[in-house]
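Novice: okay, here's the prediction I keep looking at, along with the sequence it came from:
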Amino acid sequence: MKHTLLIGCALIALGVSGCAVGPDFKKPGSPGPTQYGQAGQPLTSQAVLGGAEKAESGLQGGAQTLHPGQDIPAQWWQVFHSPALDKLVRKALDNSPTLESARDALAAAQENRLAQQSAFYPSISGSFNPTRNKTSRTYSPVPNSNQWLYTVHTAQLNISYVPDLWGGVRRGVEAAKALRDAQRDQLRAVYLTLTSSVVQAAIDYAALKAQLETTESLIKIQRDLLESARKQEKAGEFSLNDVALQRTALAQNEATLAPLQKQLEQQKHLIAALVGDMPDAPQPEFTLNDLTLPSDLPLTVPARLVEQRPDIRTAQANWHAACAQVGVAVANRLPNVQLGATPGYAAASIAQMAAPGYGQWAVMAMITQPLFDGGLLRHQENAARAAYDQAAADYRSTLITALQDVSDVLTAIRTDATALADTAEAATASGDSLRIALAQYRYGAVSQVAMITVQQTHLQTELALAQSRADRLSDTVALFQALGGGWWNSKDSELPRNPSWHPDKGLAVLLP
């Protein structure tokens, strides 16, 4: 017995201290580029709309400056200085079923990781088996009492342990931990996507509302012009064709109201869904003038982006898990040792179990080696190595896409600033042209065709202006989302909730 225990302890020590088979995961280095886009491209994006007075008039036309290395606040949406928007985002974080699902998935991944660690320890189970037996008279009586009928109470422990000789268990735990990390970063990605979607939905709602109000304003003018045209037709100053032209222009613009109203109502339904409400629940109103365009924007260098983007971190964790699974597959093909012991008692009565001499035990050891399985384990190892290569390619693809996202947003910030300035200038000119044409129209100094052309031009430029203003706000949202959203600066009270029973205590599981 003493020698058996010594051998068992030696095998356990070997399993704990031995090297793990399979490749060791090496964290990928920083990406090669040191900046986004073309080399030497300026990092400052400025656009002032037709003078300082227009830049300060709420047209989202002020200058924006990018600051490389500037950190990102956790509540990045507060840069728009809209209390209603801040309240809406916080409501979404409290009520979103998507976020709740991601939290539950993280809790499950954490429990799976802890469950995987149980293989490090012996498995112990207990049993109590009372039986009533009869021995055939062909045999001698079995019990010590020489009776043909007897009762046996058996109490026994079943102890088994498989030493981790090749590190397969450690690789399995390593894979489970990497998958837990991937799910943690996936929760961060859901958090970022949710907040970005809520802010973007509010901006889209404000843009649609501005377009609807612009169209309604022009329709009101056109109705007044139609009424004036009818009066002048009766006076003989206008022809029926002039009246028909004005009525056609009015009808065309009135036909655009229903699609805009439909989009506005659907956008309200989207906001309700994002914050976890029913479609008919009341939601706050947003206008473009309620949202302030931030003048200073952060810009994370590519080397830091890999630590901030949840999708890159998720891809890296999945790559790590795939690497560990190669070690598991390799270990499964190697010899293994299983140790076991069954100490217990067997007595005719329960009272006898407390007496000496009724104890029994057995110790065992078994070495197993797969000999033939039709190529199962070999193909499983090949599949694990292929999955590892696939995860590496997925990581590179995710990294390239992330760099592209940031580059695209920076391009949009620059070009949309210029586009807004040009659109605002066109809208100012079309507004002046409409006022002049209206004054001339009253004195009959402009034709009906020219008047309708001026109206349509003004409507198109005003609609384009509303969209351009929304585009600049959207570019800011896209930048914060592309850079990771500042989750690393969140405090426990400001991050999504975790189940109170979670072993990682509170929200620490969300942090690096």
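Specialist: Cool, the structure landed.
Novice: and stretch 334-348, which residues are buried?
Specialist: 336-337, 339-341, 344-345, 347-348 (16 or more other C-beta atoms under 10 Å). Glycine gets a C-beta too; all of them are placed from N, C-alpha and C.
Novice: what about it, start to end distance?
Specialist: Using C-alpha to C-alpha, to the nearest Å, one end of stretch 334-348 lies 45 Å from the other.
Novice: other residues contacting stretch 136-155?
Specialist: 126-135, 344-350, 352-353 (C-beta atoms under 8 Å, 6 or more residues apart in numbering).
Novice: drop anything exposed from the residues you listed.
Specialist: Applying 16+ other C-beta under 10 Å to the contacts of stretch 136-155 flags 344-345, 347-348, 353 as buried.
Novice: which residues of the stretch 401-512 of the chain fall in helices?
Specialist: For the stretch 401-512 of the chain, helices defined by DSSP state H, counting those that start in this stretch occupy the ranges 448-482.
Novice: circling back: between the buried residues of stretch 334-348, which is closest to residue 414?
Specialist: Residue 414 has its nearest neighbour among those in residue 336, at 61.7 Å by C-beta to C-beta.
Novice: and that closest one, how far is that from residue 368?
Specialist: Residue 336 sits 5 Å away from residue 368, going by C-beta to C-beta, to the nearest Å.
Novice: list the helices and strands the strand or helix carrying residue 224 packs on?
Specialist: Element membership of residue 224 [criterion: DSSP states H and E] is helix 168-234. Secondary-structure packing of helix 168-234 (3 or more C-beta pairs under 8 Å, 6 or more residues apart in numbering; DSSP states H and E): helix 83-95, helix 97-116, helix 240-255, helix 257-274, helix 310-331, helix 376-442, helix 448-482.
Novice: repeat that for 6 Å
Specialist: Helices and strands touching helix 168-234, by 3 or more C-beta pairs under 6 Å, 6 or more residues apart in numbering; DSSP states H and E, are helix 83-95, helix 97-116, helix 240-255, helix 257-274, helix 310-331, helix 448-482.
Novice: give me whichever of these is most buried.
Specialist: helix 310-331 (a mean of 23; mean count of other C-beta atoms under 10 Å).
Novice: CA-only coordinates of that helix, as PDB, when you get a sec.
Specialist: What follows is helix 310-331 as a C-alpha-only set of coordinates in PDB (Å, rounded to 0.1, in the frame of the first residue of the first chain):
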ATOM      1  CA  PRO A 310     -13.600  44.300 -29.100                       C
ATOM      2  CA  ASP A 311     -13.800  42.500 -32.400                       C
ATOM      3  CA  ILE A 312      -9.900  42.300 -32.700                       C
ATOM      4  CA  ARG A 313      -9.700  41.100 -29.100                       C
ATOM      5  CA  THR A 314     -12.400  38.500 -29.800                       C
ATOM      6  CA  ALA A 315     -10.600  37.200 -32.900                       C
ATOM      7  CA  GLN A 316      -7.300  37.000 -30.900                       C
ATOM      8  CA  ALA A 317      -9.000  35.000 -28.100                       C
ATOM      9  CA  ASN A 318     -10.600  32.600 -30.600                       C
ATOM     10  CA  TRP A 319      -7.200  32.200 -32.200                       C
ATOM     11  CA  HIS A 320      -5.700  31.400 -28.700                       C
ATOM     12  CA  ALA A 321      -8.500  28.800 -28.100                       C
ATOM     13  CA  ALA A 322      -7.900  27.100 -31.400                       C
ATOM     14  CA  CYS A 323      -4.100  26.900 -30.600                       C
ATOM     15  CA  ALA A 324      -4.900  25.200 -27.200                       C
ATOM     16  CA  GLN A 325      -7.200  22.800 -28.900                       C
ATOM     17  CA  VAL A 326      -4.300  21.500 -31.000                       C
ATOM     18  CA  GLY A 327      -2.600  20.500 -27.700                       C
ATOM     19  CA  VAL A 328      -5.700  18.700 -26.600                       C
ATOM     20  CA  ALA A 329      -5.800  16.800 -29.900                       C
ATOM     21  CA  VAL A 330      -2.200  15.800 -29.600                       C
ATOM     22  CA  ALA A 331      -2.500  14.700 -26.000                       C
END
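Novice: off-centre distance for it?
Specialist: In terms of C-alpha atoms, centre = their mean, to the nearest Å, the centre of helix 310-331 is found 19 Å from the chain centre.
Novice: now do that helix and helix 168-234, the angle between them.
Specialist: Relative orientation of helix 310-331 versus helix 168-234 (axes from the mean of the first three to the mean of the last three C-alpha atoms, to 10 degrees): 150 degrees.
Novice: who are the packing partners of helix 310-331?
Specialist: helix 168-234, helix 376-442.
Novice: dump the ones you listed into TSV; add distance to residue 329 as well.
Specialist: Converted to TSV, the helices and strands packed on helix 310-331 look like this (distance: least, C-beta to C-beta, whole Å):
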stretch	distance to residue 329
helix 168-234	9
helix 376-442	4
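Novice: need those in JSON lines with mean pLDDT, can you?
Specialist: JSON lines is the format used below for the helices and strands packed on helix 310-331 (pLDDT from 0 to 100):
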{"stretch": "helix 168-234", "mean pLDDT": "91"}
{"stretch": "helix 376-442", "mean pLDDT": "92"}
